[in-house]
Every structure is written in structure tokens, then in C-alpha cells.
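*Asks:* coordinates for the following, if possible.
(2 chains)
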Amino acid sequence: MPKVHKKELVEANVYDAALERVRDCYRRFDKVVVSFSGGKDSTVVLNLALQVAREEGRLPLDVYFWDEEAIHPETIDYVRRVAEMEEVRFKWLCTPIVHRNACSRKEPYWTCWDPEKKDLWCRPMPPEGVITFPGFEPGKGVPELAHKVYGPEHGTVADLRGLRADESLRRYRAVAMRLKDNWIGGARDGYSYPCSPIYDWTTADVWTAPRMFGWDYNRAYDLMAMAGMSPHDQRVCPPYGEEPLKGLWIYAQCWPDLWEKMIARVPGAATAGRYAKTELYGWGKMEKPPPGMTWKQWTFSQLDLYPKEYRTAIAASIKSLLARHRQLTGRPVQMEKADPLTGISWRYLAMLVNRGDLKARRAGSMTAQATNARKGADMSEFEDGEAGTRY
Amino acid sequence: MAKPAHVTSAIEGQPVSAVVWRHREELSPNDFNPNKVAAPEMKLLITSILEDGWTQPIVILPDMTIVDGFHRYTVSGYPELEERFGGWVPTVIVDADPLHHRMSTIRHNRARGTHGVVPMADIVRFLSDQGADKEEIMKRLSMEDEEVDRLLDRAGMPSGGGKDNFGHAWRPKAN
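*Replies:* Have a look, this model is predicted:
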């Protein structure tokens, strides 16, 4: 099993270290591109890359942006200001991409800019929008398509992203598994390398940079801050996913016009806006199953609420957890108490099914569940650390 | 402006056309109310009744069970209000079976909007420009320090903050 390493502080500050990593990219790869979301993290990556591109005489900088349709007006304005920069060559992608819709059991995915749902689009397609690119395939999500935006004809590609370790345990692991080049991911299709040059920045560091250098940034953050959302929770990302769900309320307060379109856009959004932070959406610790049911019965009755194709996927992941449990121990799975070795209980499985969390993203590894069970820790406490996947 | 006859009769039949003052002891709460009002909003409710007066009646069934207005009923027994109104509250009667009764409670509570942040900030700015100081806004709108500050402070960097220096870089530690 690969080892997750601890942190070792180095002499440099995060800014100098990140610049050095970007310089490294320019030395090692044929092409450097920035995956830009309009969010605070990609603002940092963009500005670092611009600075190095200037030093290296490699302007204009290639920047691409997935326009996810349900985005704040301030994000659109900011992205447009970036797209119009002379030093930038911008790709504004309004391609129909599949995203998670954690609001709904009946339609757990949605497709932005779906040509068949044009009447429901949250906004008209922007004039800069590109609806396809070579290598685009319908029905796919960002993780499968990102590297195809700049194809192998460019040689090796460094795809710079704003991923940071302090966003979640999952992200920490992603940059703490290897000692050398820990911030460069494996090549996709042999030529495109996801690079995370600001992996060690904290949220405070990310705001220090625009403050220190006077960089432009997305004014949506001003609104979110005003509404009382904590800096760590302020995100610019697809709104209906697992993790952003708990921040859905912010749309109604900050962007009521957008919110009105958003609740009509995907099923379940209005319900999730109201109940995302309650046990209806598996938030926190579920106290008990519905009256007259055991946790086990509830697991199966919830499974029946999903359409067949998703039901099969969820059932398969539950089955594999159970198979693993049986492999490791002869103990039966308890209703409430997490098994000390495997971390499983029927309550836990019911919660997974309730969330429809197909990738068990908010669930954490079973090893960690078991450790927590031994420590007697509340499971929900652990889940929060695990949160934070955008796609 | 003259009302057509059918409108006049419709208006006469409306519950608000027959507001009756009753003593709170005649009323009884229902046992299913899902609406919870947090302490700061309870205080705000008292302030509202003291400053704006009673502007909305409590909605009850013919048997005096409350459909809407449980929290107004509750605060009417608090010393600040009891002293002035002696526990008397305005009421209107609606007739409803148990099913309609529950639906009516939910509709009364949920048929309302969300306050947008920007217009709220504009209002707080207006109050401040008109000479209301922070303490007064906090007290009369039952807002925390934090909320008033954030609403007043619309410009500038997000308070997420930023520091004057960057933190240390790190790498995975060999061991």
C-alpha cells in the first residue's frame, strides 16, 4: 500500500517555491497550459504562470476554462477580464459536460449546456463559448476530458491546476504519496501531466497574493464573505456536487436571479437548498432509521428509490464493501456499531446509499473508518475532513 | 374607488375582516409545529411588536388551536408585552380539518422569500447614513456585531483574508 508522507517544512515561502515549480514545468514540458476556474486558487496559478511565461519569453499563455453554465455573474465578469488579457490565449469551453447532481436520486448527473435542455439553461451561452474541441466525447465528465483540450500534437503538456492539500484529506493524499515530483500527476494518454504548483498554499496564502500584488480576482468572493460564508467554504465550482451542496443556500441569498434558474435546471435543487444540511441528505449523524425499519432494511428500501442504472452501481459498491468485510473478519455486520476492523455497520451503509455517493467520496477509506471506530470517534467528524472533490 | 359587489362580499368573508381580541389563555398551541424561531429572532419579534405594534393576527381554529402565530402567542406572555397588552392578542379564525390545518401551518411559514445580501447591505448602509449607529442597528434588528460589520463593509478584499507574508512551503517528508 502506498504511503502517505507527512509534511516537511522547507526554507522557501510558498510563493517562491510555487514560482520555481512553474519554471520547472517550462523547462521540462513542451507546453504549459492553465486550467482556470475563475476561483481564487486558479487566480494564483494564472498569475504565477503569467510571470514565468514573461520571464521565459513564452507568451501568450494558454488558458482554458470550463464554463459550467450555472455560474455567478461575477465569475463571468472576471473570466471575461482574464480572457481579454493580451498576454493570454483563452479557450472558453461551453461543451456539454456531465456533472454530479447530488440533489437528486432520480437524476444523479446533469449535463451543462445540454443542447436538448436549451430552454432551461441558466443563462444564454456567452459569445466566446466553444462548444466542442477535437477529442470531445459526449456523456463524459471533466476528469476524462480535461487532457484532450490540448492534444498530443502539442508534445508533452503541463496542465497547471489550483489543487491544494489543505482543501481535503483526499487532496492532501494526492500530493503526499511520492517524495519526488509529488505535485506532478501521472501522464494521461502518455503526454498530459496534471501539475499542482500551489499544493502547499493555505487559504490565507491564496488571499495574501492578490492583496500583496494587487491582482484582479473574482468579486463573487466579496459577496460570499458578506453573506457570512467562511473563507474555507467559499468556492467557485459546480454547485450541485456532493461537497458544494452544503453551500447551496448562498445562491438564494447572493444570486437570487441565478438561483431561480438553478432550481428549475436540475431536479432536487430546491429540496437540497432547503435540506442539504440535514439528515435528508445524509448530513451529520443519522440518529435512527425511519420507524418500523432496521438500518439494514432502510439500506435496501433506499436503494429501490434509484433508477436502475444507478441502483446497480450503488449496490455493487455496497456489495464490494461487504465482501471485503467478510474477507477480513467472521463477525456479522452490526446495525449501529462500526466494526473495529473494517469500519462497516448497516447504519454506515444506509448513509452511503442515502447520499448516493457513487464514489464513496464523503465516506473515507475503510481503514480510517475502522480507526475511528476504535477511537470511538463520531463518523461525521471524519467525513468533513474527507470532503472537497469538485467533479 | 368603488368595489364590485362580488369583491365586497369576498372581502367581507376574509378572516382578516373579522379580527377578534382574545386572551392568550383561551388559545392552545398545536402539537406539530415544525417552525423553530431562534433566540435572536424571538427578541426581534418582541421588538417588532413593541415598535410596529400588532400588525398580524394569530390564526386559530374554531376550537382555539393555533394554526399560525405560535411565536407571537408565546411572546405575548413575556413581561415586556404582557405588561402593555395584558396577554390579549388579535386573532382570526379559519375552519380547517386536521389535514388542511397542517398544510395551512406550513404554508403560513414557508410562503416567504430569502433576503438578498446586496439589498440587505444597501438597507443597512441607508440606516447608517441616516444616523443609526451600530449599536442601535444591532439592537433594533437583533443582529450580531458580525452581521452589521459585514453588511456595512461591502468593498475591499474578502475578509478571508490574506496576511502580510506568505507561509512556509513544504514537501513530503522522507522517513
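*Asks:* only C-alpha atoms from now on, for both contacts and neighbour counts.
*Replies:* Noted.
*Asks:* residue A:223 - nearest residue in space that isn't next to it in sequence?
*Replies:* Excluding the flanking residues, the one nearest residue A:223 by C-alpha to C-alpha, 6 or more residues apart in numbering or on different chains is residue A:254, at 6.4 Å.
*Asks:* can you list the residues of the stretch 251-391 of chain A near chain B?
*Replies:* Neighbours of chain B within the stretch 251-391 of chain A, by C-alpha under 8 Å from any C-alpha of the partner chain: A:252-256.
*Asks:* what sits against the closest residue to chain B within chain A?
*Replies:* Closest residue of chain A to chain B, C-alpha to the nearest C-alpha: residue A:208 (3.8 Å). Under the criterion of C-alpha atoms under 8 Å, 6 or more residues apart in numbering or on different chains, the contact list for residue A:208 reads B:161-166.
*Asks:* just the element for it, please.
*Replies:* If you go by DSSP states H and E, residue A:208 is part of helix A:203-213.
*Asks:* put the alpha carbons of that helix into CSV.
*Replies:* Extracted in CSV, the C-alpha atoms of helix A:203-213 (Å, rounded to 0.1, in the frame of the first residue of the first chain):
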residue,chain,number,x,y,z
THR,A,203,-6.4,29.6,2.1
ALA,A,204,-4.7,32.6,3.8
ASP,A,205,-1.7,32.4,1.4
VAL,A,206,-4.1,32.4,-1.6
TRP,A,207,-5.6,35.7,-0.4
THR,A,208,-2.2,37.1,0.6
ALA,A,209,-1.1,37.1,-3.1
PRO,A,210,-3.8,39.3,-4.7
ARG,A,211,-3.6,41.6,-1.7
MET,A,212,0.2,41.9,-2.0
PHE,A,213,0.4,42.2,-5.7
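*Asks:* tell me which residues in the following helix or strand past that helix are buried?
*Replies:* Using DSSP H and E, the helix or strand that follows helix A:203-213 in sequence is helix A:220-226. For helix A:220-226, the neighbour count (16 or more other C-alpha atoms under 10 Å in any protein chain shown) marks A:220-226 as buried.
*Asks:* and stretch A:104-124, by the same measure?
*Replies:* Neighbour-count burial for stretch A:104-124 flags A:104-105, A:107-114, A:120-123 (criterion: 16+ other C-alpha under 10 Å).
*Asks:* farthest-separated two in those?
*Replies:* A:105 and A:123 (25.0 Å; C-alpha to C-alpha).
*Asks:* and chain A, is stretch B:26-43 touching that?
*Replies:* No: for stretch B:26-43 and chain A, the contact criterion (C-alpha under 8 Å from any C-alpha) is not met; the two come no nearer than 13.4 Å.
*Asks:* confidence score at the nearest residue to residue A:280 once chain neighbours are set aside?
*Replies:* Spatially, and ignoring its direct neighbours in sequence, residue A:280 is nearest to residue A:354 (8.0 Å; C-alpha to C-alpha, 6+ apart). Looking at residue A:354, its pLDDT stands at 80.
*Asks:* would residue A:354 count as being in a strand?
*Replies:* No: counting by DSSP: H, G, I helix; E, B strand; the rest coil, residue A:354 is not part of a strand but helix.
*Asks:* neighbours around it, how many?
*Replies:* Neighbour count for residue A:354, taken as other C-alpha atoms under 10 Å in any protein chain shown: 21.
*Asks:* before we move on, what about residue B:39?
*Replies:* By other C-alpha under 10 Å, neighbour count at residue B:39 equals 10.
*Asks:* chain A versus that one, what's the distance?
*Replies:* 19 Å (C-alpha to the nearest C-alpha, to the nearest Å).
*Asks:* mind giving me the domain split of the chain?
*Replies:* Picked chain A for this. Domain ranges of chain A: A:14-213, A:295-387, per automatic domain parsing.
*Asks:* that was the other one, I meant chain B.
*Replies:* For chain B, automatic domain parsing gives the domain ranges B:15-111, B:117-170.
*Asks:* quick revisit: quick one: least confident of the buried residues of stretch A:104-124?
*Replies:* Across these, the bottom pLDDT score, 82, is held by residue A:105.
*Asks:* in terms of contact, does it touch residue A:306 like I think?
*Replies:* Yes: at 5.6 Å, residue A:105 and residue A:306 qualify as touching, with contact defined as C-alpha atoms under 8 Å.
*Asks:* below-threshold pLDDT in the stretch 251-391 of chain A: ranges please.
*Replies:* Within the stretch 251-391 of chain A, the ranges that satisfy pLDDT under 70 run A:282-286, A:357-391.
*Asks:* would you map the helices across it?
*Replies:* Counting by DSSP state H, counting those that start in this stretch, one finds helices in the stretch 251-391 of chain A at the ranges A:256-265, A:269-275, A:295-303, A:308-328, A:346-355, A:366-375, A:379-386.
*Asks:* just these: most buried one?
*Replies:* helix A:346-355 (a mean of 24; mean count of other C-alpha atoms under 10 Å in any protein chain shown).
*Asks:* list the contacts of that one.
*Replies:* With C-alpha under 8 Å, 6+ apart as the test, helix A:346-355 has contacts from A:102, A:280-282, A:286, A:295-296, A:298-300, A:302-303, A:314, A:318, A:333-336, A:338, A:360, A:363.
*Asks:* one more time with 6 Å, if that's ok
*Replies:* Contacts with helix A:346-355, where a contact means C-alpha atoms under 6 Å, 6 or more residues apart in numbering or on different chains, come from A:282, A:295-296, A:299, A:335-336.
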